[in-house]
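Peer 1: Predicted model, plus sequence, below.
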Amino acid sequence: MKCAAVFLIVLSLAAQDRFDLLVRDDFFAGMFGDRERLDKGMKYCEEILRKNPKHAQALVWHGSGLMTQSAAAYADGKTPLGDKLWRRGLYEWNRGRALAPDDLGVKIGRSALLIGLAQSGYDPEDRQGRALLESAVRDYEIVFDKQKDSLAKLSEHSRCELLFGLAAGWSRLSDAGKTSFYLESIVHNCGGSAYETEARKYLSQTPMSTIDHNCIGCHVNKK
Amino acid sequence: MKPCLIFLLAICIRADQPDAALEPARAARDSGDAVSLRKGLAHWRQDASFDGRRRTALLNFWLCEALYASNDEKSVKLAARAGLDAAEQAVKLQPNSSEAHRLVGDLLGQLIPHVFAGGMRYGARSTQEIEKALELDPKNVDAHIARATSYFFTPSAFGGSKEKALEQLNQALAFDPKSDTAHLWLAQVYDDIKQRERAVAELEEARRINPNRAYTRYLATQIGGAK
C-alpha cells in the first residue's frame, strides 16, 4: 500500500514534468495499429484525469487516443461512432490548451499532432480545419520563440522537428515567406542531417511544393 | 446536335447494356469534359437501383479525374463525397459486389486530401474496402490499381510501399495489358522514386493505348515526355 502510494506520487510528479515521456511510446504505437498499447496509454491518462480532470497534458494525449480510436471506428464502418470520438478528441485537445495556456508540453504535443494530421488531408476553405492548423502553428511559434536562443542545446530530433513542423504548417497555410524562413533555419540548425537534405530539396523547387514531412527517427520504440 | 445531347441520347439508347452505357462517360472523362459528365450524373442520380448507384459512383470518380486534369481541385471534394454516398448505397444493395467496394475505397481515397486529417480518418477504411473488393474478385483490375494507389500514397510507417504499388500495378496489367490507367500510375510511381526514364516510357505507353486522355497530358506536364 505504501509502495503504491509512493509510486503514485512519483508518477504524478513525473507527469507534471515530462508527461509525454511516460505515454508517448504507447500512443504512437497505438497510432501505428497496436490497440493493446493504445489502451494502456488511454488507461494511464484516464487514471491521471480521474484524480485531476484539469491535467492539461493528459487531456491532450487522451484526446489523441480518442482520435486514433475514431480512425479504427471509421475503418470498421462505424461512422457515427468515429465522428463522436473525433469531436471528443478535438474537444480534449482544445480544453487542454485552454487550461494551460503557458504549458509548452501541451503546445508541443497538440501542435505536432495537428500539423501531422493536416498533412494527411487539408482543405483551406474548411474554417474549422484552418483554425485548428493556425492555432497549432501559432503555438509552435511561441515554443520556437522561447527556445530559439537555446536551440543548440535541444536534441537534434526536438530542434529539427520543431523547425520542420513550422515549415510544414506555414506551407499548408500558404505563407511562402515563413516557410522559406524555417527551411533556411533547418539548413542552419540541422546541418549534416537528413533534415538538412530534405529542407534543401524543398528550397530548390520553383515553385515550392507543399511540404509533407514525416517525423524522422520517431517515437515508436519496440517493446 | 450538341455533344451533351449526343451523350444523353447515347445513355438512353444503350442503357440496357451495362458496360456500353458508360462509354460516352468514359470518353468525357478522357477528354476532361466535366460538363458532359455532370449531365450524365443528372441522369443516373435518379436511378435508385444497384446499377444506378454504381454508375453514379463511377461517374463521380471519373469526374474527379476530369476536374484534376482541368486543375479544378475545389470541385473534386464535392464529386468525391457524392460518389462515396452512391457507392455506399451500392454496397448496401449488393454487399458482395467487388466493384461497389472498390468504388467506396477509391472515392474515400479521392476525399482524403480534401478533408482535414483525411488520411487518419479514412485511410484505413479505404484500404479495407479495396482489400474486400480484391477478396471478392481477385481479378478486379481497378481494385488492383486502387490498392496500388493506396500503397503509393500511404506513408511507409503506416504500411505504404512504393515497391508494393509497382507489384499491384503489374498485377493489374497481367489481367488487362491494355489498361492505360495502370500505366499512368506506374509512371507516377517511377517518377516518385526518381526513375524518370521508366516514368516517361510508361506515360508513352498510356498515350499509345489511349491517345485521348486529358489526364495523360496533364501528367506529361508534371513528369515530362509523352506530349
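Peer 2: Right, received. Where do you want to start?
Peer 1: alpha carbons only for contacts and neighbour counts from here, please
Peer 2: Will do.
Peer 1: Spit out the contact partners of residue 108.
Peer 2: If you meant another chain, say so; for now it's chain A. Residues touching A:Ile108, when contacts are defined by C-alpha atoms under 8 Å, 6 or more residues apart in numbering or on different chains, comprise A:139-140, A:143.
Peer 1: The chain in question should be chain B.
Peer 2: Residues touching B:Leu108, when contacts are defined by C-alpha under 8 Å, 6+ apart, comprise B:80, B:84, B:122-123, B:126.
Peer 1: Identify the residues contacting residue 77.
Peer 2: Going with chain A. B:Arg125.
Peer 1: please go with chain B instead
Peer 2: Applying C-alpha under 8 Å, 6+ apart to B:Lys77 gives the contacts B:110-111, B:114.
Peer 1: Could you list which of those residues belong to helices?
Peer 2: Assigned to helices by DSSP state H, the following of the contacts of B:Lys77 qualify: B:110-111.
Peer 1: Neighbours of B:Gly160, how many?
Peer 2: Neighbours of B:Gly160 under the rule other C-alpha atoms under 10 Å in any protein chain shown: 17.
Peer 1: Helix, strand, or coil at it?
Peer 2: Reduced to three states with DSSP: H, G, I helix; E, B strand; the rest coil, the structure at B:Gly160 is coil.
Peer 1: shouldn't it be in contact with B:Phe153?
Peer 2: Yes. Counting by C-alpha atoms under 8 Å, B:Phe153 is a contact partner of B:Gly160 at 6.7 Å.
Peer 1: Let me know the pLDDT of residue 208.
Peer 2: Picking chain A for this. At A:Met208, the predicted lDDT confidence score is 92.
Peer 1: that's the wrong chain, I meant chain B
Peer 2: What the model reports for B:Arg208 is a pLDDT of 97.
Peer 1: so which helix or strand takes in it?
Peer 2: Element membership of B:Arg208, judged by DSSP states H and E, is helix B:196-209.
Peer 1: Run the angle between the following helix or strand past that helix and helix B:196-209 for me.
Peer 2: Remark: after helix B:196-209, the chain's next helix or strand is helix B:214-223, criterion DSSP H and E. Relative orientation of helix B:214-223 with respect to helix B:196-209: 160 degrees, computed using axes from the mean of the first three to the mean of the last three C-alpha atoms, to 10 degrees.
Peer 1: Could you pull up the mean pLDDT of helix B:214-223?
Peer 2: Mean predicted confidence for helix B:214-223 is 89.
Peer 1: mind checking how far it is from the chain centre?
Peer 2: Taking C-alpha atoms, centre = their mean, to the nearest Å, one finds the center of helix B:214-223 at 16 Å from the center of the full chain.
Peer 1: List the contacts of it.
Peer 2: In this structure, residues lying in contact with helix B:214-223 by C-alpha under 8 Å, 6+ apart are B:29-32, B:65-66, B:68-69, B:184, B:188, B:191, B:196, B:199-200, B:203, B:206-207, B:226-227.
Peer 1: what about 10 Å?
Peer 2: B:28-33, B:65-71, B:180-181, B:183-185, B:187-188, B:190-192, B:196, B:199-200, B:203-204, B:206-207, B:210-211, B:224-227 (C-alpha atoms under 10 Å, 6 or more residues apart in numbering or on different chains).
Peer 1: Separate out the buried members of these.
Peer 2: By the neighbour-count criterion of 16 or more other C-alpha atoms under 10 Å in any protein chain shown, the contacts of helix B:214-223 include these buried positions: B:28-33, B:65-69, B:180-181, B:183-185, B:187-188, B:190-191, B:196, B:199-200, B:203-204, B:206-207, B:210-211, B:224-226.
Peer 1: Among the contacts of B:Lys77, which ones lie close to chain A?
Peer 2: B:111, B:114 (C-alpha under 10 Å from any C-alpha of the partner chain).
Peer 1: Go through the contacts of B:Lys77 and say which is closest to chain A.
Peer 2: When the contacts of B:Lys77 are compared for distance to chain A (C-alpha to the nearest C-alpha), B:His114 comes out closest, at 5.0 Å.
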